[in-house]
Each structure stands twice: as structure tokens, then as C-alpha cells.
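Enquirer: Sequence and predicted structure are below.
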Amino acid sequence: MMQIIIPAPKNYISTCKRICSELENRSVSLEVIEGGSERQYSIWNGIKVLNSDIELVAVHDAARPFVKEEFIANCFKIADEFGGAVLGVPVKDTIKEVKRDLEIRSTPKRSSLWQAQTPQVFKKDLIVEAYESALKQDFLGTDDASLVERIGGKVKMVMGEAENLKITYPLDLKMAELIAGGLE
């Protein structure tokens, strides 16, 4: 059985549970839990309630509603073989590394830079070890893969697509409306 765990802010738990009750079926277990003060703590809360028979763990941001099933399946396949997989796309912009005073320090080669997306999928033992290490050392990563990389775990990038955008800013919402309109 597939297990889906949704960490949510405390004041939205009952709303999420109501919505999820309409979606749950015999092959999918949906559970809404209280999230944490940071994304990383929310994910850890979810990891702690995983069923013991789970072998692969996928983390996906609700702010990315347009991921396609084929990309999710590919991430699972790669993670099963390699240990970890992150959906992403090559960056299209030139990236600058800057100092605190905004003076440019360097310009990394664009050919080796990718924009990480979700889902990010890992073997359960690997992601648990990465989270436990981060918690013990009070390390806050920017994504799940950064925690796995930090303990020496191997993570492979999986080609995604730009439509798997993260809705963060008002402009992103307008882009999402255009994408959703094209899906109808």
C-alpha cells in the first residue's frame, strides 16, 4: 500500500483531513500530521510516521502541482538503483556567487548547474540517516538532497521540465494559471 503523509500547519490540519478523506482509497493511505517550524522539520515529522515496510521515500512540495507521473516514476526507478534521485532542470540563467557586500565572487559554469525540483526520492534508510545526522548537528539544509549529500550519500539528478514550477510569487501563480489552462 502506498502511504502519503501530508505535514500541515496546526490550524489547517482539520481542513486537510477533510479534503484527504474524500481521496483515500484501499491502495493509498493518506495521513495528515502537524508540520514543523521549517520545511526540514515538517519532512522529519513525516518520516517518523512511515510504515516499517516502506523502502523508498518521496518528498514533494505542494507548491509544485504540475509534476507528471512519468517524472515521479523515473525518480523512483533511479533512487531504487542509485540511492537518491532529484528531479530538476539545467539552469538557463547565468548564476553569480556574491559576498555579503554583494561584490561578485565568482561565476560558476552554467553547464554544471541544475535547478532542483521535487519530487526528491531516497532509499528510506539513507534519508533517515541524513535527517538524524542533521538533527544531531543542528544543520538546516535547503532540500532533502543536501542532507543526503552531507553524509556522503549518492544522489542523481533526473531530467524534469520547466512546467514543474514552484508557486512562490504572484508571477508564479499567473504562470500556473496559464499551465493549468493548457491542461484542460
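Expert: Structure received.
Enquirer: Show me where this structure has its helices.
Expert: Under the criterion DSSP state H, the chain carries helices at the ranges 13-21, 39-47, 69-82, 124-136, 144-150, 170-183.
Enquirer: quick one: which of those is nearest residue 103?
Expert: helix 144-150 (25.3 Å; C-beta to C-beta). Bear in mind the C-beta positions are built from the backbone N, C-alpha and C, glycine included.
Enquirer: And the contacts of that closest one?
Expert: Contacts of helix 144-150 with the rest of the structure, by C-beta atoms under 8 Å, 6 or more residues apart in numbering, involve 40, 43, 59, 83-84, 86, 116, 120, 122, 126-127, 130-131, 133-134, 139, 141, 155.
Enquirer: What's the ChimeraX line that selects buried ones from those residues?
Expert: Isolation of the buried members of these (16 or more other C-beta atoms under 10 Å) is achieved in ChimeraX through the command below:
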select :40,43,59,83,84,86,116,120,122,126,127,130,131,134,141,155
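Enquirer: hey, which strand is longest across this structure?
Expert: Taking residue count as the measure and DSSP state E as the definition, the longest strand of the chain comes out as strand 114-123.
Enquirer: Need the helices of the chain in JSON lines (columns: mean pLDDT).
Expert: As requested, the helices of the chain are exported to JSON lines (pLDDT from 0 to 100):
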{"stretch": "helix 13-21", "mean pLDDT": "91"}
{"stretch": "helix 39-47", "mean pLDDT": "97"}
{"stretch": "helix 69-82", "mean pLDDT": "97"}
{"stretch": "helix 124-136", "mean pLDDT": "98"}
{"stretch": "helix 144-150", "mean pLDDT": "98"}
{"stretch": "helix 170-183", "mean pLDDT": "90"}
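Enquirer: Just send these back as a markdown table, with distance to residue 100 too.
Expert: As requested, these are exported to a markdown table (distance: least, C-beta to C-beta, whole Å):
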| stretch | distance to residue 100 |
| --- | --- |
| helix 13-21 | 39 |
| helix 39-47 | 24 |
| helix 69-82 | 36 |
| helix 124-136 | 25 |
| helix 144-150 | 21 |
| helix 170-183 | 27 |
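Enquirer: and of the ones you listed, who's closest to residue 101?
Expert: The closest of the helices of the chain to residue 101 is helix 144-150. By C-beta to C-beta, the value is 25.4 Å.
Enquirer: Quick check: buried residues in the closest one?
Expert: By neighbour count, with 16+ other C-beta under 10 Å as the criterion, the buried positions of helix 144-150 are 144, 145, 146, 147, 148, 149.
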